[in-house]
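[1] heads up, no residue letters with this:
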């Protein structure tokens, strides 16, 4: 961990990659250097091992990430050196980064905690995200964390899709009323309201938008209108709400440090091995429970914060990679694809038929991060020659606000978003198995948090069924059959197959069998998931290990 324990805190900002700009430079320094892994792991207890996680985005099932990573903290007794994720995985990476930023997390009775003690505390905070939603109910932050579930339900209740086919003007009025409701005001995309209000052909836009909103939580990728249709959510506003959650967990603003230390002392070690449902009921000294103590911390913090929110620094405005090393992914349209998209978007706004003839060679896989982390990753010291690595694009350092405006903004949730004059983001679906970039970044031990199964239908359709719907985002961007084989085919060498094999451990959940409404069940599956590994580093403190044979996406087929 490059000696991250300093005084009473982990000074993550002071961390740098080991001095190994290339294998040759490391050798000149007299160090063993294998690829980017210049700080070789001597054994399973090496304190300098750089432990990282890659997480697969999963939309409304994001609580599976929290359950998985909480258990991983407990199993390893390690803090994370680095991480990578896209789509909802970018949100998870942001929250983990914020937890590790918390300055009182490593304070054990006035002395520095051991790393294992700190990891238990980080696990407790991840578990408590379930309690956060339970405490705050229908507040802006809870809605942001749950993403589209409550919103989709309210839209389906309106029956807008059917109404639009019968009476476009009535549907328009109903849609504008919904978009103007107090419940949605803080996350609604003003561009969508403007499109409906000022459309040159209201029937065209109302029917299209109503049909799309009826499938808002389905991540439907049936036609390329998803790249040009404004979405119902303003992701900059959503990032602001997520930032408020991160402020609490990082200890920014009117933070009760003593109360949080008490929460750690009373609930972290006693709650090891427990999910929140059980842990929250643990009795604490002086009466009450862990859940009640946490509720008091959250409600008092939020009340004080909202009294003068702009008076405090915001975690969302910190730079990606300034604390934990992080790579946040999003797909990137470039070259002629940008011109094609701009024409299609203009046609859509004018209520005209559009075409989007993109060359898949003009679709890159972009990453936000620090200059040093991006340079290390782009150097590709591991020598990967797969198509995903070939599509790597360094997007530069940005704030978390910016990264969370692009990566979770998947097509269908909103249109493609301009990054600058020469690049357009098409959402964070591009690298849902980011183990290769983490190895090139310099991670020593990488765990990949995923679910069993092949590539998501949202990304690409089943090649055995050319008429399958949804067709998949990559297919809508004209990915060829050969590119599909090189990127996603688990039955032959591909970037996906390589990414799974290059993980030191695969945390193999079954979250596709979970319901977004069943947070407890989703977490329970993730917290107790199968770990596919042959590494003592990962398996030594966990019993549910296996080789994953025959489980698509987790082990050899």
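    Yes, it's here. Because the structure is predicted, anything quoted here is derived from the model rather than measured. Numbers count the residues shown, from 1 in each chain.
[2] and the pLDDT at residue 525?
    Note for residue 525: predicted pLDDT of 97.
[3] who's in contact with it?
    64, 67, 509, 510, 511, 513, 514 (C-beta atoms under 8 Å, 6 or more residues apart in numbering). Heads up, the C-betas are built off the backbone N, CA and C, glycines and all.
[4] now render the residues you listed as JSON lines, adding secondary structure and pLDDT.
    Converted to JSON lines, these look like this (DSSP: H, G, I helix; E, B strand; the rest coil; pLDDT from 0 to 100):
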{"residue": "64", "secondary structure": "helix", "pLDDT": "97"}
{"residue": "67", "secondary structure": "helix", "pLDDT": "98"}
{"residue": "509", "secondary structure": "strand", "pLDDT": "98"}
{"residue": "510", "secondary structure": "coil", "pLDDT": "96"}
{"residue": "511", "secondary structure": "helix", "pLDDT": "95"}
{"residue": "513", "secondary structure": "helix", "pLDDT": "93"}
{"residue": "514", "secondary structure": "coil", "pLDDT": "91"}
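[5] go through those residues and name the one nearest residue 175.
    For the contacts of residue 525, the minimum distance to residue 175 (C-beta to C-beta) is 31.0 Å, reached by residue 514.
[6] so what's the closest one up against?
    Taking C-beta under 8 Å, 6+ apart, one finds 61, 64, 521, 522, 525 in contact with residue 514.
[7] list the contacts of residue 242.
    Residue 242 touches 91, 94, 95, 141, 144, 145, 316, 404, counting by C-beta under 8 Å, 6+ apart.
[8] toward the C-terminus from the longest strand seen in the chain, list the very next helix or strand.
    In the chain, taking DSSP state E as the definition, the longest strand is strand 325-334. Sequence order places helix 336-349 as the next helix or strand after strand 325-334, per DSSP states H and E.
[9] quick one: list the elements packing against that next one.
    When contacts are defined as 3 or more C-beta pairs under 8 Å, 6 or more residues apart in numbering; DSSP states H and E, helix 336-349 sits against strand 423-425.
[10] what does the strand it packs on rub up against?
    With C-beta under 8 Å, 6+ apart as the test, strand 423-425 has contacts from 330-334, 337-338, 341, 366, 395, 406-407, 409, 416-419.
[11] residue 476 contacts residue 224, correct?
    Yes: in this structure residue 476 lies within contact range of residue 224 using C-beta atoms under 8 Å: 4.7 Å.
[12] who touches both of those two?
    Joint contacts of residue 476 and residue 224 (C-beta under 8 Å, 6+ apart) are residue 356.
[13] before we move on, back to that, could you export the contacts of residue 242 as JSON lines, including distance to residue 505?
    Formatted as JSON lines, those follow (distance: C-beta to C-beta, whole Å):
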{"residue": "91", "distance to residue 505": "22"}
{"residue": "94", "distance to residue 505": "22"}
{"residue": "95", "distance to residue 505": "21"}
{"residue": "141", "distance to residue 505": "32"}
{"residue": "144", "distance to residue 505": "30"}
{"residue": "145", "distance to residue 505": "26"}
{"residue": "316", "distance to residue 505": "31"}
{"residue": "404", "distance to residue 505": "27"}
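[14] return the member of those residues nearest to residue 125.
    Nearest to residue 125 among those, with distances taken as C-beta to C-beta, is residue 95, at 8.8 Å.
[15] what helix or strand is that closest one on?
    helix 88-101.
[16] tell me the angle that helix makes with strand 325-334.
    150 degrees (axes from the mean of the first three to the mean of the last three C-alpha atoms, to 10 degrees).
[17] following helix 88-101, which helix or strand comes up?
    Heading C-terminal from helix 88-101 (DSSP H and E), you reach strand 107-108.
[18] next helix or strand past that following strand?
    Strand 107-108 is succeeded, C-terminally, by strand 111-112 (DSSP H and E).
[19] report how many residues lie close to the residue lying closest to residue 66 once chain neighbours are set aside.
    The shortest distance from residue 66 to any non-neighbouring residue, by C-beta to C-beta, 6 or more residues apart in numbering, is to residue 126 (4.7 Å). Per other C-beta atoms under 10 Å, the neighbour tally for residue 126 reads 26.
[20] list the contacts for residue 160?
    171, 174, 175, 178, 210, 213, 214.
[21] can you list these in CSV and add neighbour count?
    Shown next, in CSV, are the contacts of residue 160 (neighbours: other C-beta atoms under 10 Å):
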residue, neighbour count
171, 25
174, 18
175, 24
178, 19
210, 24
213, 23
214, 19
